[in-house]
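Student: Structural data only, the sequence is not supplied:
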């Protein structure tokens, strides 16, 4: 189970890094500092429509809206944080 925890933490870190870099680049693009690339345009359109950007979906889980995706992100973080600091749970989901 320790291997599973490590894999899930690594996966969550990849998703967080991708989310952070996309949002940072979108902020710079809106300010006019960087040009909007194809991926940024797709991300901006998806976020405007309250959907999850396609690049995020490739690395994460399916979700119908950005709100439910973000809620899932917070729940996954909370579960892994508890597992890491409080020990192995009696039951867990995959």
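Tutor: Thanks, I have it. Values in this document were obtained by computation on a predicted structure and should not be read as measured data. Residues are numbered from 1 along each chain as shown.
Student: Looking at the helix or strand residue 56 falls within now, give me its mean pLDDT.
Tutor: Per DSSP states H and E, residue 56 falls inside helix 54-59. Averaging pLDDT along helix 54-59 gives 93.
Student: Flag the shaky bits of this structure, pLDDT-wise.
Tutor: 1, 92-94 (pLDDT under 70).
Student: 80 - rerun?
Tutor: 1-2, 88-94 (pLDDT under 80).
Student: one step back: which residues sit against the helix holding residue 56?
Tutor: If you take C-beta atoms under 8 Å, 6 or more residues apart in numbering as the criterion, helix 54-59 is touched by 11, 14, 15, 18, 19, 22, 39, 42, 43, 46, 63, 69. To be clear about C-beta, it is placed using only N, CA and C from the backbone, and glycine gets the same treatment.
Student: Tell me if I'm right that the last one and residue 76 touch.
Tutor: No: counting by C-beta atoms under 8 Å, residue 69 sits too far from residue 76 to count as a contact (10.6 Å).
Student: neighbour-wise, which of these two wins?
Tutor: residue 69 (21 against 18; other C-beta atoms under 10 Å).
Student: Next, that one: secondary structure please.
Tutor: helix (DSSP: H, G, I helix; E, B strand; the rest coil).
Student: where exactly do the helices run in this structure?
Tutor: Remark: helices assigned in the chain by DSSP state H are 2-31, 38-48, 54-59, 66-86.
Student: Distance from the chain centre to the second one, please.
Tutor: To tie it back to what came earlier, the one meant is helix 38-48. How far helix 38-48 lies from its chain's middle: 15 Å, per C-alpha atoms, centre = their mean, to the nearest Å.
Student: buried residues in that helix?
Tutor: Buried residues in helix 38-48, counted by 16 or more other C-beta atoms under 10 Å: 40, 43, 44, 46, 47.
Student: Grab the nearest non-local neighbour of the second one.
Tutor: Nearest-residue entry for residue 43: residue 53, 3.8 Å, with adjacent residues in sequence omitted and distances by C-beta to C-beta, 6 or more residues apart in numbering.
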